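**Q** Sequence and predicted structure are below.
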Amino acid sequence: MDKPLSGRRAIVTGSNSGIGLGTAEALAAAGAEVVLNSYTDRDEDHALARDVAARHGTSVRYIKADMSKPEECRALVQQAGGCDILVNNAGIQHVAKIEDFPIDKWNAIIAINLSAAFHTTAAALPGMYANGWGRVVNIASAHGLRASPFKSAYVAAKHGIVGLTKVTALEAAGKGITANAICPGYVLTPLVEAQIPDQMKTHNMDRETVIREVMLDRQPSRQFATVEEIGGTTVFLCSAAAAQITGTTISVDGGWTAE
């Protein structure tokens, strides 16, 4: 089928740019009705939804919700009218030694990167159970399977997302619902792109060298994953072919976690 997800409603958190937007585009292209989300409520956010809808010929809405606030996480699902597909993507990052890690940054990262997924999943599951079908896709990270220094909150949250995924899968088993985590390595998003000039200055390297030898040092392919690849993986996990894939992680990391 050209539109295998026609008739399904998908919510993608943190989806006005980067991996979230790429995933939303892929779901829309597969025919799903899509709800975009971020913490802002600007004209351009709603314009983005209209643009995605026009490109793919499906319904696309934008709903503001701050993923650091449990009540807004749950309200997002309610305002959307429930969902068949939930993609928990929203996330932030901060880098510091454990002893220097700001408490407010720790709390924010755990709230947005981990707790938000719990709250949206809790709000979405009853409707999925009632319909006998659902897909929960959590965007974790290679850091959900491996650690790096100075990223205590992020690594803890992403490991937590992997655990939450497994529990969700077990509780929903046999009810037509699957839950899986995608673990990307470095993905070329606007946020990562913005880091490249600073890395070039810091290491006194040209663009290609800093990408290959610094940013992708742990990624054996020496290539970024793309938002389209993450989106395509999400669509596959929502397909009939993936009906018995649940409670697992899929690495899209150029071989990072193979070592």
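**A** That came through fine. Residues are numbered from 1 along each chain as shown.
**Q** Any regions of the stretch 1-150 of the chain where pLDDT drops low?
**A** 1 (pLDDT under 70).
**Q** give me every residue that touches the residue lying closest to Gly160 once chain neighbours are set aside.
**A** Ranked by C-beta to C-beta, 6 or more residues apart in numbering and with sequence neighbours excluded, the top spatial neighbour of Gly160 is Leu114, at 4.5 Å. Where C-beta positions appear, they are placed from N, C-alpha and C, glycine not excepted. Leu114 sits next to 156-158, 160-161, 164 when contact means C-beta atoms under 8 Å, 6 or more residues apart in numbering.
**Q** Let me know the closest of the residues you listed to Asp66.
**A** Ala157 (16.7 Å; C-beta to C-beta).
**Q** What separation is there between the closest one and Gly144?
**A** Distance, Ala157 to Gly144, by C-beta to C-beta, to the nearest Å: 9 Å.
**Q** and if you look at Ser38?
**A** The spacing between Ser38 and Gly144, counted by C-beta to C-beta, is 22 Å.
**Q** Those two: which has the busier surroundings?
**A** Taking neighbours as other C-beta atoms under 10 Å, Ser38 and Gly144 compare with Gly144 leading, 27 against 22.
**Q** What is the burial count for the closest residue to the more buried one other than its chain neighbours?
**A** In this structure, Gly144 finds its nearest non-sequential neighbour in Lys158, 3.7 Å apart by C-beta to C-beta, 6+ apart. Lys158 has 27 neighbouring residues, counting by other C-beta under 10 Å.
**Q** What residues of the helix or strand where Lys158 lies count as buried?
**A** Following DSSP states H and E, one finds Lys158 within helix 152-172. Neighbour-count burial for helix 152-172 flags 152-162, 164-166, 168-169, 172 (criterion: 16 or more other C-beta atoms under 10 Å).
**Q** What's the first helix or strand after it?
**A** Per DSSP H and E, the first helix or strand lying C-terminal to helix 152-172 is strand 177-184.
**Q** so how far is that next one off the chain centroid?
**A** The chain centroid and the centroid of strand 177-184 are separated by 10 Å under C-alpha atoms, centre = their mean, to the nearest Å.
**Q** buried residues in it?
**A** 177-184.
**Q** for the residues you listed, which one is nearest Gly18?
**A** Pro184 (10.6 Å).
**Q** Determine whether the claim that Ile11 is in a strand is correct.
**A** Yes - membership of Ile11 in a strand is supported by DSSP: H, G, I helix; E, B strand; the rest coil.
**Q** and the residue nearest the centre of the chain, how far is that from Pro102?
**A** By C-alpha atoms, centre = their mean, the chain has its centre lying nearest to Asn89, at 2.4 Å. Look at Asn89 and Pro102: by C-beta to C-beta, they are 24 Å apart.
**Q** circling back: separation between the residue nearest to Gly144 and Ala117?
**A** Lys158 sits 11 Å away from Ala117, going by C-beta to C-beta.
**Q** same deal with Gln199?
**A** Counting by C-beta to C-beta, the gap from Gln199 to Ala117 is 30 Å.
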